[in-house]
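> any chance you can model this:
(chains A and B)
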Amino acid sequence: MEKLSIPKGTRDFGQIESFRRKYIIEKIQSNFIKYGFAPIETPTMEHLSVLTGKYGDEGDQLIFKVLNSGDFLKKTDCGDYDQGAKTLLPKIAEKGLRYDLTVPFARHVVMNRHNITFPFKRYQIQPVWRADRPQRGRYREFYQCDADIIGTRSYWNEIELTLLIHDVFKSLNFDSFEVKINHREVLFAMAAAADLKGKETPFCVALDKIDKIGTEKVLHEISLLQGDSEMVSKYLEIIDADVGKSLKIEKLVKLTGTSNKGFEELNVFFKNLDELTDRKFNISLDFSLARGLSYYTGMIYEVKPTEVNIGSICGGGRYDNLTGMFGLKGMSGIGISFGLDRIYDVLAASNLFPETAKGGPKVLITHLDTSAFKHGIKIIEKLRKAGIAADLFPDAVKIQKQMNYANKLAIPYVITIGSEEISQARYPLKSMSTGEILTSSVEGIIENLKIDRF
RNA sequence: GUGGUUGUAGUUCAGUUGGUUAGAACGCCUGAUUGUGGUUCAGGAGGUCGCCGGUUCAAGUCCGGUCUUCCACCCCA
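Below is the predicted model of the structure:
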(Lines give C-alpha, C1' and ligand atoms only; values in the text may rest on other atoms or scores of the structure.)
Protein backbone atom coordinates (compact mmCIF):
# COMPACT_ATOMS: atom_id res chain seq x y z
CA MET A 1 0.00 0.00 0.00
CA GLU A 2 1.02 3.52 -0.70
CA LYS A 3 2.35 5.52 2.20
CA LEU A 4 -0.38 7.69 3.74
CA SER A 5 -0.04 11.36 2.96
CA ILE A 6 -2.01 14.55 2.48
CA PRO A 7 -2.00 16.80 -0.58
CA LYS A 8 0.86 19.19 -1.13
CA GLY A 9 0.53 22.44 0.76
CA THR A 10 -2.09 21.17 3.19
CA ARG A 11 -1.49 20.34 6.82
CA ASP A 12 -2.91 18.40 9.74
CA PHE A 13 -3.10 20.30 12.98
CA GLY A 14 -2.44 18.38 16.17
CA GLN A 15 -4.11 19.15 19.45
CA ILE A 16 -1.73 21.86 20.59
CA GLU A 17 -1.63 23.49 17.16
CA SER A 18 -5.41 23.43 16.88
CA PHE A 19 -5.85 24.95 20.27
CA ARG A 20 -3.38 27.70 19.46
CA ARG A 21 -5.11 28.44 16.18
CA LYS A 22 -8.39 28.68 18.03
CA TYR A 23 -6.74 31.06 20.45
CA ILE A 24 -5.73 33.40 17.62
CA ILE A 25 -9.13 33.15 15.97
CA GLU A 26 -10.83 33.93 19.26
CA LYS A 27 -8.74 37.09 19.69
CA ILE A 28 -9.36 38.28 16.15
CA GLN A 29 -13.03 37.46 16.33
CA SER A 30 -13.66 39.18 19.62
CA ASN A 31 -12.01 42.32 18.28
CA PHE A 32 -14.12 42.17 15.12
CA ILE A 33 -17.21 41.95 17.28
CA LYS A 34 -15.98 44.76 19.52
CA TYR A 35 -15.73 46.97 16.45
CA GLY A 36 -19.29 46.21 15.45
CA PHE A 37 -18.78 43.59 12.74
CA ALA A 38 -21.13 40.62 12.43
CA PRO A 39 -20.26 37.31 10.80
CA ILE A 40 -21.29 35.77 7.51
CA GLU A 41 -20.18 32.55 5.86
CA THR A 42 -20.05 31.69 2.19
CA PRO A 43 -19.69 28.31 0.51
CA THR A 44 -16.39 26.57 -0.09
CA MET A 45 -17.21 26.43 -3.80
CA GLU A 46 -18.29 29.24 -6.08
CA HIS A 47 -19.19 29.17 -9.73
CA LEU A 48 -16.07 29.68 -11.79
CA SER A 49 -17.83 32.58 -13.49
CA VAL A 50 -17.84 34.34 -10.10
CA LEU A 51 -14.17 33.69 -9.43
CA THR A 52 -12.40 34.00 -12.76
CA GLY A 53 -11.18 37.31 -14.06
CA LYS A 54 -11.09 38.88 -10.61
CA TYR A 55 -7.50 38.16 -9.69
CA GLY A 56 -5.71 38.59 -12.99
CA ASP A 57 -4.40 35.86 -15.28
CA GLU A 58 -1.98 34.64 -12.64
CA GLY A 59 -4.76 34.40 -10.11
CA ASP A 60 -7.06 32.49 -12.43
CA GLN A 61 -4.42 29.81 -12.81
CA LEU A 62 -4.16 29.42 -9.05
CA ILE A 63 -7.85 28.68 -8.57
CA PHE A 64 -8.57 25.05 -7.72
CA LYS A 65 -11.19 23.84 -10.16
CA VAL A 66 -13.79 21.28 -9.23
CA LEU A 67 -14.50 18.66 -11.83
CA ASN A 68 -18.18 18.31 -12.80
CA SER A 69 -19.80 15.31 -11.20
CA GLY A 70 -20.88 12.30 -13.21
CA ASP A 71 -19.52 11.86 -16.69
CA PHE A 72 -17.65 15.12 -16.93
CA LEU A 73 -16.61 14.42 -20.52
CA LYS A 74 -20.21 14.31 -21.71
CA LYS A 75 -20.23 17.83 -23.11
CA THR A 76 -16.84 17.58 -24.78
CA ASP A 77 -15.56 16.24 -28.06
CA CYS A 78 -12.13 15.57 -29.55
CA GLY A 79 -12.01 19.05 -31.02
CA ASP A 80 -12.16 20.61 -27.53
CA TYR A 81 -9.21 18.51 -26.50
CA ASP A 82 -7.16 19.72 -29.46
CA GLN A 83 -8.01 23.33 -28.66
CA GLY A 84 -6.34 22.98 -25.27
CA ALA A 85 -7.16 23.66 -21.65
CA LYS A 86 -8.86 27.01 -22.14
CA THR A 87 -11.59 25.53 -24.30
CA LEU A 88 -11.85 22.27 -22.44
CA LEU A 89 -11.96 23.64 -18.90
CA PRO A 90 -15.37 25.38 -18.93
CA LYS A 91 -16.92 22.21 -20.32
CA ILE A 92 -15.63 19.91 -17.61
CA ALA A 93 -15.57 22.23 -14.56
CA GLU A 94 -18.01 24.92 -13.60
CA LYS A 95 -17.09 25.33 -9.93
CA GLY A 96 -13.95 26.30 -8.09
CA LEU A 97 -12.73 26.57 -4.49
CA ARG A 98 -12.80 30.13 -3.18
CA TYR A 99 -9.51 31.96 -3.64
CA ASP A 100 -10.18 34.67 -1.09
CA LEU A 101 -13.08 35.97 0.98
CA THR A 102 -13.47 39.36 -0.67
CA VAL A 103 -14.89 38.30 -4.02
CA PRO A 104 -17.44 35.91 -2.46
CA PHE A 105 -18.33 38.76 -0.12
CA ALA A 106 -18.95 41.09 -3.06
CA ARG A 107 -21.10 38.42 -4.66
CA HIS A 108 -23.04 38.01 -1.43
CA VAL A 109 -23.63 41.75 -1.14
CA VAL A 110 -24.89 42.06 -4.69
CA MET A 111 -27.15 39.01 -4.37
CA ASN A 112 -28.62 40.24 -1.11
CA ARG A 113 -28.52 43.96 -1.74
CA HIS A 114 -32.24 44.37 -0.99
CA ASN A 115 -31.99 42.70 2.37
CA ILE A 116 -28.77 44.30 3.52
CA THR A 117 -28.75 47.54 5.47
CA PHE A 118 -25.86 49.78 4.51
CA PRO A 119 -23.30 50.60 5.70
CA PHE A 120 -22.76 46.87 6.02
CA LYS A 121 -20.08 45.61 8.39
CA ARG A 122 -19.30 41.94 8.22
CA TYR A 123 -16.49 39.67 9.27
CA GLN A 124 -15.67 36.27 7.86
CA ILE A 125 -13.17 33.69 9.09
CA GLN A 126 -12.86 30.76 6.70
CA PRO A 127 -10.25 28.82 4.76
CA VAL A 128 -9.31 29.69 1.18
CA TRP A 129 -7.40 27.64 -1.39
CA ARG A 130 -4.71 28.57 -3.86
CA ALA A 131 -2.89 26.18 -6.19
CA ASP A 132 0.35 27.98 -5.50
CA ARG A 133 3.67 26.26 -5.01
CA PRO A 134 4.12 25.99 -1.24
CA GLN A 135 6.93 27.77 0.53
CA ARG A 136 7.59 29.21 3.96
CA GLY A 137 4.46 31.03 5.10
CA ARG A 138 2.72 29.93 1.96
CA TYR A 139 0.17 27.18 1.91
CA ARG A 140 -2.41 25.84 -0.49
CA GLU A 141 -5.07 25.84 2.16
CA PHE A 142 -5.07 28.68 4.65
CA TYR A 143 -7.40 30.84 6.70
CA GLN A 144 -8.23 34.43 6.10
CA CYS A 145 -9.92 36.59 8.69
CA ASP A 146 -11.64 39.42 6.88
CA ALA A 147 -13.54 42.46 8.08
CA ASP A 148 -15.14 44.82 5.58
CA ILE A 149 -17.30 47.92 5.75
CA ILE A 150 -19.21 48.53 2.56
CA GLY A 151 -21.56 51.30 1.54
CA THR A 152 -19.76 54.26 3.06
CA ARG A 153 -16.91 56.52 2.11
CA SER A 154 -16.32 57.99 5.55
CA TYR A 155 -12.73 58.86 6.46
CA TRP A 156 -13.54 57.24 9.82
CA ASN A 157 -13.46 53.75 8.22
CA GLU A 158 -9.74 54.02 7.54
CA ILE A 159 -9.08 55.12 11.10
CA GLU A 160 -11.30 52.45 12.58
CA LEU A 161 -9.62 49.59 10.72
CA THR A 162 -6.22 50.89 11.69
CA LEU A 163 -7.23 50.90 15.35
CA LEU A 164 -8.58 47.39 14.84
CA ILE A 165 -5.22 46.23 13.53
CA HIS A 166 -3.55 47.63 16.61
CA ASP A 167 -6.06 46.05 18.99
CA VAL A 168 -5.85 42.61 17.40
CA PHE A 169 -2.07 42.37 17.66
CA LYS A 170 -2.11 43.98 21.09
CA SER A 171 -4.50 41.33 22.35
CA LEU A 172 -2.12 38.69 21.01
CA ASN A 173 0.72 40.36 22.92
CA PHE A 174 2.50 40.92 19.66
CA ASP A 175 4.14 44.26 19.07
CA SER A 176 7.05 43.73 16.69
CA PHE A 177 5.14 44.73 13.60
CA GLU A 178 4.94 47.69 11.30
CA VAL A 179 1.87 49.11 9.61
CA LYS A 180 2.57 50.56 6.20
CA ILE A 181 0.22 52.98 4.51
CA ASN A 182 -0.05 54.18 0.94
CA HIS A 183 -2.68 55.31 -1.52
CA ARG A 184 -3.45 53.95 -4.96
CA GLU A 185 -4.17 57.41 -6.36
CA VAL A 186 -0.76 58.54 -5.24
CA LEU A 187 0.79 55.60 -7.06
CA PHE A 188 -1.15 56.52 -10.19
CA ALA A 189 0.02 60.12 -9.92
CA MET A 190 3.59 58.88 -9.58
CA ALA A 191 3.25 56.68 -12.65
CA ALA A 192 1.68 59.47 -14.67
CA ALA A 193 4.36 61.99 -13.72
CA ALA A 194 7.04 59.52 -14.80
CA ASP A 195 5.51 59.01 -18.25
CA LEU A 196 4.26 55.58 -17.29
CA LYS A 197 0.58 56.03 -17.85
CA GLY A 198 -1.00 52.70 -18.75
CA LYS A 199 1.97 50.90 -17.19
CA GLU A 200 0.84 51.44 -13.61
CA THR A 201 0.79 47.77 -12.70
CA PRO A 202 4.35 46.85 -13.71
CA PHE A 203 5.48 50.14 -12.20
CA CYS A 204 3.85 49.29 -8.87
CA VAL A 205 5.07 45.69 -8.93
CA ALA A 206 8.65 46.87 -9.41
CA LEU A 207 8.37 49.62 -6.81
CA ASP A 208 6.94 47.19 -4.27
CA LYS A 209 10.11 45.09 -4.42
CA ILE A 210 12.34 47.81 -3.04
CA ASP A 211 12.78 46.10 0.34
CA LYS A 212 13.62 42.85 -1.31
CA ILE A 213 15.96 43.71 -4.18
CA GLY A 214 17.14 47.25 -3.38
CA THR A 215 16.87 50.59 -5.17
CA GLU A 216 19.39 49.76 -7.91
CA LYS A 217 17.49 46.81 -9.24
CA VAL A 218 14.13 48.52 -8.87
CA LEU A 219 15.46 51.42 -10.90
CA HIS A 220 16.72 49.03 -13.52
CA GLU A 221 13.42 47.19 -13.71
CA ILE A 222 11.47 50.41 -14.10
CA SER A 223 13.89 51.73 -16.71
CA LEU A 224 12.86 48.78 -18.86
CA LEU A 225 9.38 50.33 -18.94
CA GLN A 226 10.90 53.32 -20.71
CA GLY A 227 9.59 56.02 -18.44
CA ASP A 228 11.24 59.08 -16.95
CA SER A 229 14.06 57.39 -15.02
CA GLU A 230 15.19 60.61 -13.41
CA MET A 231 11.77 61.10 -11.94
CA VAL A 232 11.71 57.55 -10.66
CA SER A 233 15.06 57.90 -8.94
CA LYS A 234 13.73 61.01 -7.22
CA TYR A 235 10.77 58.96 -6.02
CA LEU A 236 13.15 56.47 -4.51
CA GLU A 237 14.94 59.31 -2.71
CA ILE A 238 11.69 60.49 -1.18
CA ILE A 239 10.72 56.96 -0.19
CA ASP A 240 14.01 56.59 1.66
CA ALA A 241 13.97 60.11 3.12
CA ASP A 242 13.86 60.22 6.89
CA VAL A 243 11.33 63.02 7.25
CA GLY A 244 7.86 63.50 8.71
CA LYS A 245 4.81 62.18 6.94
CA SER A 246 3.31 65.52 5.93
CA LEU A 247 6.64 66.71 4.60
CA LYS A 248 7.01 63.52 2.63
CA ILE A 249 3.62 64.05 1.06
CA GLU A 250 4.47 67.68 0.34
CA LYS A 251 7.70 66.70 -1.41
CA LEU A 252 5.93 64.21 -3.60
CA VAL A 253 3.17 66.68 -4.49
CA LYS A 254 5.81 69.20 -5.55
CA LEU A 255 7.75 66.63 -7.54
CA THR A 256 4.79 65.18 -9.42
CA GLY A 257 3.16 68.55 -9.85
CA THR A 258 -0.23 67.05 -9.06
CA SER A 259 -2.30 66.94 -5.92
CA ASN A 260 -5.17 64.51 -6.28
CA LYS A 261 -7.43 63.30 -3.51
CA GLY A 262 -4.99 60.54 -2.62
CA PHE A 263 -2.49 62.97 -1.18
CA GLU A 264 -5.23 64.80 0.65
CA GLU A 265 -6.70 61.63 2.12
CA LEU A 266 -3.32 60.53 3.41
CA ASN A 267 -2.82 63.89 5.08
CA VAL A 268 -6.26 63.79 6.67
CA PHE A 269 -5.75 60.20 7.77
CA PHE A 270 -2.50 60.80 9.63
CA LYS A 271 -3.76 64.02 11.15
CA ASN A 272 -6.90 62.33 12.44
CA LEU A 273 -5.03 59.31 13.71
CA ASP A 274 -2.82 61.54 15.81
CA GLU A 275 -5.77 63.47 17.17
CA LEU A 276 -8.07 60.56 17.86
CA THR A 277 -5.93 58.02 19.63
CA ASP A 278 -3.10 57.71 22.08
CA ARG A 279 -2.34 54.15 21.03
CA LYS A 280 1.31 53.59 20.35
CA PHE A 281 1.82 52.61 16.74
CA ASN A 282 4.64 51.68 14.49
CA ILE A 283 2.88 53.14 11.47
CA SER A 284 4.63 54.57 8.46
CA LEU A 285 3.89 56.14 5.13
CA ASP A 286 5.50 54.09 2.40
CA PHE A 287 5.10 55.25 -1.18
CA SER A 288 6.56 51.96 -2.40
CA LEU A 289 3.75 49.87 -0.95
CA ALA A 290 1.58 48.61 -3.81
CA ARG A 291 -0.28 45.43 -2.81
CA GLY A 292 -1.22 43.02 -5.47
CA LEU A 293 -4.94 42.93 -5.63
CA SER A 294 -6.17 45.18 -8.35
CA TYR A 295 -9.53 46.09 -6.88
CA TYR A 296 -8.09 48.59 -4.42
CA THR A 297 -8.60 52.20 -5.45
CA GLY A 298 -7.90 54.25 -2.33
CA MET A 299 -5.79 53.94 0.77
CA ILE A 300 -3.97 50.64 1.13
CA TYR A 301 -2.22 49.17 4.10
CA GLU A 302 -0.16 46.21 5.04
CA VAL A 303 1.24 44.82 8.28
CA LYS A 304 4.65 43.21 8.35
CA PRO A 305 6.38 41.55 11.26
CA THR A 306 9.69 43.27 11.93
CA GLU A 307 11.56 40.32 13.42
CA VAL A 308 10.31 37.35 11.40
CA ASN A 309 10.75 37.18 7.66
CA ILE A 310 7.46 35.82 6.42
CA GLY A 311 5.86 38.51 4.26
CA SER A 312 2.77 40.37 5.29
CA ILE A 313 0.45 39.10 8.00
CA CYS A 314 -2.38 41.49 7.36
CA GLY A 315 -3.41 43.77 4.54
CA GLY A 316 -6.25 45.66 3.04
CA GLY A 317 -7.51 48.85 1.54
CA ARG A 318 -10.35 50.86 0.13
CA TYR A 319 -12.15 49.84 -3.02
CA ASP A 320 -14.65 52.04 -4.79
CA ASN A 321 -16.13 49.52 -7.10
CA LEU A 322 -15.79 46.03 -5.70
CA THR A 323 -19.42 45.14 -6.38
CA GLY A 324 -19.15 46.73 -9.80
CA MET A 325 -17.70 43.45 -11.09
CA PHE A 326 -21.13 41.97 -10.36
CA GLY A 327 -23.11 44.89 -11.70
CA LEU A 328 -23.75 46.98 -8.60
CA LYS A 329 -22.05 50.35 -9.05
CA GLY A 330 -21.16 53.14 -6.70
CA MET A 331 -20.64 51.01 -3.62
CA SER A 332 -17.51 52.15 -1.82
CA GLY A 333 -16.00 50.03 0.88
CA ILE A 334 -12.89 49.18 2.79
CA GLY A 335 -11.59 45.89 4.01
CA ILE A 336 -8.89 44.16 5.93
CA SER A 337 -7.63 40.60 6.00
CA PHE A 338 -5.60 38.88 8.70
CA GLY A 339 -3.59 35.84 7.66
CA LEU A 340 -4.18 33.35 10.44
CA ASP A 341 -1.52 30.88 9.34
CA ARG A 342 1.23 33.43 9.10
CA ILE A 343 0.23 35.01 12.39
CA TYR A 344 0.52 31.54 13.86
CA ASP A 345 4.00 31.12 12.40
CA VAL A 346 5.10 34.50 13.71
CA LEU A 347 3.74 33.94 17.22
CA ALA A 348 5.34 30.49 17.28
CA ALA A 349 8.70 31.90 16.17
CA SER A 350 8.47 34.63 18.82
CA ASN A 351 7.30 32.22 21.54
CA LEU A 352 4.20 34.24 22.25
CA PHE A 353 1.62 31.56 22.90
CA PRO A 354 0.48 31.61 26.51
CA GLU A 355 0.70 28.45 28.62
CA THR A 356 -3.07 28.32 28.75
CA ALA A 357 -3.36 27.98 25.00
CA LYS A 358 -2.92 24.23 25.01
CA GLY A 359 -6.26 22.76 26.07
CA GLY A 360 -6.76 19.47 27.85
CA PRO A 361 -8.11 18.87 31.34
CA LYS A 362 -6.97 20.82 34.35
CA VAL A 363 -7.28 17.90 36.69
CA LEU A 364 -7.12 14.12 36.33
CA ILE A 365 -8.86 11.79 38.77
CA THR A 366 -6.94 8.58 39.35
CA HIS A 367 -8.20 5.56 41.25
CA LEU A 368 -6.91 2.46 43.00
CA ASP A 369 -9.78 -0.01 42.55
CA THR A 370 -13.20 -0.35 40.97
CA SER A 371 -15.14 1.15 43.87
CA ALA A 372 -12.75 4.12 43.79
CA PHE A 373 -13.41 4.47 40.08
CA LYS A 374 -17.17 4.52 40.70
CA HIS A 375 -16.67 7.11 43.42
CA GLY A 376 -14.58 9.10 40.96
CA ILE A 377 -17.58 9.41 38.67
CA LYS A 378 -19.45 11.26 41.41
CA ILE A 379 -16.52 13.56 42.07
CA ILE A 380 -15.93 14.38 38.43
CA GLU A 381 -19.59 15.31 38.00
CA LYS A 382 -19.20 17.89 40.73
CA LEU A 383 -16.00 19.27 39.24
CA ARG A 384 -17.50 19.56 35.78
CA LYS A 385 -20.64 21.22 37.13
CA ALA A 386 -18.34 23.76 38.74
CA GLY A 387 -16.91 24.45 35.28
CA ILE A 388 -13.57 22.73 35.78
CA ALA A 389 -12.12 20.79 32.85
CA ALA A 390 -11.66 17.39 34.45
CA ASP A 391 -10.95 13.85 33.34
CA LEU A 392 -11.31 10.47 35.00
CA PHE A 393 -8.75 7.87 33.98
CA PRO A 394 -10.93 5.29 32.21
CA ASP A 395 -9.04 2.05 32.80
CA ALA A 396 -8.18 0.08 35.90
CA VAL A 397 -4.40 0.17 35.71
CA LYS A 398 -1.55 0.76 38.09
CA ILE A 399 -1.42 4.18 39.70
CA GLN A 400 1.99 4.83 38.11
CA LYS A 401 0.45 4.54 34.68
CA GLN A 402 -2.27 6.96 35.57
CA MET A 403 0.24 9.44 36.96
CA ASN A 404 2.37 9.01 33.90
CA TYR A 405 -0.62 9.85 31.73
CA ALA A 406 -1.16 13.10 33.62
CA ASN A 407 2.50 13.85 33.32
CA LYS A 408 2.66 13.27 29.57
CA LEU A 409 -0.40 15.36 28.91
CA ALA A 410 0.89 18.09 31.20
CA ILE A 411 -2.30 17.98 33.23
CA PRO A 412 -1.48 20.32 36.10
CA TYR A 413 -3.40 18.58 38.92
CA VAL A 414 -4.18 15.01 39.96
CA ILE A 415 -6.63 13.65 42.52
CA THR A 416 -6.12 10.08 43.70
CA ILE A 417 -9.05 8.14 45.15
CA GLY A 418 -8.84 5.02 47.30
CA SER A 419 -10.88 3.44 50.10
CA GLU A 420 -9.55 5.87 52.68
CA GLU A 421 -10.64 8.92 50.69
CA ILE A 422 -14.10 7.45 50.15
CA SER A 423 -14.67 6.84 53.84
CA GLN A 424 -13.40 10.25 54.93
CA ALA A 425 -14.79 12.26 51.97
CA ARG A 426 -11.47 14.13 51.77
CA TYR A 427 -9.27 13.97 48.69
CA PRO A 428 -5.62 14.69 47.96
CA LEU A 429 -5.12 17.32 45.27
CA LYS A 430 -1.62 17.06 43.92
CA SER A 431 0.17 19.72 41.91
CA MET A 432 2.18 17.98 39.21
CA SER A 433 4.64 20.83 38.93
CA THR A 434 5.54 21.17 42.62
CA GLY A 435 4.59 17.72 43.88
CA GLU A 436 2.73 19.37 46.75
CA ILE A 437 -0.46 17.70 48.01
CA LEU A 438 -3.42 19.47 49.62
CA THR A 439 -6.14 17.31 51.14
CA SER A 440 -9.65 18.69 51.44
CA SER A 441 -13.33 18.16 50.69
CA VAL A 442 -14.63 18.31 47.13
CA GLU A 443 -15.77 21.89 47.73
CA GLY A 444 -12.32 22.79 48.97
CA ILE A 445 -10.75 21.20 45.88
CA ILE A 446 -13.02 23.18 43.60
CA GLU A 447 -12.02 26.39 45.34
CA ASN A 448 -8.32 25.54 45.11
CA LEU A 449 -8.57 24.68 41.42
CA LYS A 450 -10.50 27.83 40.60
CA ILE A 451 -7.83 30.07 42.04
CA ASP A 452 -4.85 27.86 41.08
CA ARG A 453 -3.77 27.85 44.73
CA PHE A 454 -0.51 26.06 44.05
C1' G B 1 4.09 28.07 -14.13
C1' U B 2 10.25 28.26 -14.33
C1' G B 3 14.91 26.68 -11.89
C1' G B 4 17.18 24.19 -7.88
C1' U B 5 16.85 20.98 -3.42
C1' U B 6 15.26 16.99 -0.08
C1' G B 7 13.35 11.90 1.12
C1' U B 8 16.67 5.88 5.66
C1' A B 9 12.76 3.53 12.68
C1' G B 10 7.53 7.62 15.87
C1' U B 11 11.42 12.05 15.69
C1' U B 12 16.42 14.04 14.49
C1' C B 13 20.08 12.01 11.72
C1' A B 14 24.69 8.32 10.45
C1' G B 15 25.42 4.73 6.50
C1' U B 16 32.80 4.80 3.13
C1' U B 17 34.95 3.83 -4.00
C1' G B 18 27.80 -0.27 -5.10
C1' G B 19 29.35 -5.98 -1.44
C1' U B 20 26.69 -10.59 3.89
C1' U B 21 21.81 -9.77 8.72
C1' A B 22 20.84 -1.15 7.50
C1' G B 23 22.91 1.75 12.76
C1' A B 24 22.82 5.78 16.84
C1' A B 25 20.39 9.17 20.00
C1' C B 26 15.85 10.59 21.74
C1' G B 27 10.88 8.71 22.00
C1' C B 28 7.73 4.19 22.74
C1' C B 29 6.63 -0.66 25.49
C1' U B 30 7.87 -4.09 29.81
C1' G B 31 10.15 -4.75 34.50
C1' A B 32 13.02 -3.17 39.01
C1' U B 33 8.51 -0.27 42.01
C1' U B 34 0.98 -4.09 44.61
C1' G B 35 -1.52 4.10 47.49
C1' U B 36 1.46 8.56 43.79
C1' G B 37 4.61 10.81 37.81
C1' G B 38 9.48 13.33 36.14
C1' U B 39 15.53 10.44 37.79
C1' U B 40 18.29 5.84 37.38
C1' C B 41 19.08 0.74 35.83
C1' A B 42 17.83 -3.79 32.91
C1' G B 43 15.27 -5.75 28.82
C1' G B 44 12.07 -5.30 24.33
C1' A B 45 9.36 -3.77 19.99
C1' G B 46 9.81 -0.88 15.72
C1' G B 47 12.50 0.05 8.78
C1' U B 48 9.90 -3.92 1.55
C1' C B 49 15.82 2.86 2.84
C1' G B 50 9.21 7.88 -0.63
C1' C B 51 7.15 5.15 -5.02
C1' C B 52 7.84 2.87 -10.08
C1' G B 53 11.22 1.30 -13.58
C1' G B 54 16.42 0.62 -15.40
C1' U B 55 21.97 -0.67 -15.12
C1' U B 56 24.65 -4.73 -12.40
C1' C B 57 26.54 -11.21 -10.30
C1' A B 58 25.02 -7.56 -6.46
C1' A B 59 21.57 -1.05 -5.40
C1' G B 60 19.88 2.59 0.73
C1' U B 61 24.29 3.85 -2.53
C1' C B 62 24.47 4.61 -9.83
C1' C B 63 20.67 6.25 -13.91
C1' G B 64 15.51 7.76 -15.51
C1' G B 65 10.59 8.97 -14.20
C1' U B 66 7.09 10.26 -10.48
C1' C B 67 5.46 12.06 -5.78
C1' U B 68 7.03 14.78 -1.52
C1' U B 69 10.04 18.59 1.35
C1' C B 70 12.39 23.08 1.46
C1' C B 71 14.36 27.32 -1.36
C1' A B 72 14.80 31.21 -5.34
C1' C B 73 11.73 33.43 -9.20
C1' C B 74 6.45 34.68 -10.60
C1' C B 75 2.79 36.06 -7.50
C1' C B 76 0.88 36.41 -2.73
C1' A B 77 -1.96 35.78 3.45
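> what's stretch A:22-40 in contact with?
With contact meaning Cβ atoms under 8 Å, 6 or more residues apart in numbering, stretch A:22-40 is reached by A:105, A:108, A:121-125, A:143, A:145, A:147, A:160, A:163-164, A:167-168, A:171-172, A:338, A:340, A:343-344, A:347, A:353-354, A:357. Every residue, glycine included, has its C-beta placed from N, CA and C.
> if you could redo that for stretch A:404-422, that was the one I meant.
Contacting residues not belonging to stretch A:404-422 are listed as A:358, A:360-369, A:371-373, A:375-376, A:379, A:391, A:393, A:399, A:402-403, A:427-433, A:445, A:449 [Cβ under 8 Å, 6+ apart].
> out of those, who's near RNA strand B?
The subset of these within reach of RNA strand B, by Cβ under 7 Å from any atom of the strand, is A:Leu368, A:Ile399, A:Met403, A:Pro428, A:Lys430, A:Met432, A:Ser433.
> looking at the contacts of stretch A:404-422, which are in strands?
When DSSP state E defines the strands, the subset of the contacts of stretch A:404-422 inside them is A:Val363, A:Leu364, A:Ile365, A:Thr366, A:His367, A:Asp391, A:Tyr427, A:Pro428, A:Leu429, A:Lys430, A:Ser431.
> now do the helices in the stretch 251-400 of chain A.
A:261-276, A:340-349, A:370-385, A:399-408 (DSSP state H, counting those that start in this stretch).
> in PyMOL, how would I select the buried members of the contacts of stretch A:22-40?
In PyMOL syntax, the buried subset of those is picked out as below (16 or more other Cβ atoms under 10 Å):
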select buried, chain A and resi 105+108+121+122+123+124+125+143+145+147+160+163+164+167+168+172+338+340+343+344+347+353+357
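> thinking again about what came up before, which among the ones next to RNA strand B among the contacts of stretch A:404-422 count as buried?
A:Leu368, A:Met403, A:Pro428, A:Lys430, A:Met432.
> from the residues you listed, which is closest to RNA strand B?
A:Met403 (2.9 Å; Cβ to the nearest atom of the strand).
> helices or strands up against the least confident helix or strand in chain A by mean pLDDT?
When each helix and strand of chain A is scored by mean pLDDT, DSSP states H and E, helix A:78-83 comes last, with a mean of 77. Counting contacts by 3 or more Cβ pairs under 8 Å, 6 or more residues apart in numbering; DSSP states H and E, helix A:78-83 packs against helix A:85-92.
> list the buried residues for the helix it packs on?
Neighbour-count burial for helix A:85-92 flags A:Leu88, A:Ile92 (criterion: 16+ other Cβ under 10 Å).
> so what touches that helix?
For helix A:85-92, contacts defined as Cβ under 8 Å, 6+ apart pick out A:Leu48, A:Lys65, A:Leu67, A:Asn68, A:Phe72, A:Leu73, A:Lys75, A:Thr76, A:Asp80, A:Tyr81.
> just those: which are in strands?
Counting by DSSP E, the part of the contacts of helix A:85-92 found in strands is A:Lys65, A:Leu67.
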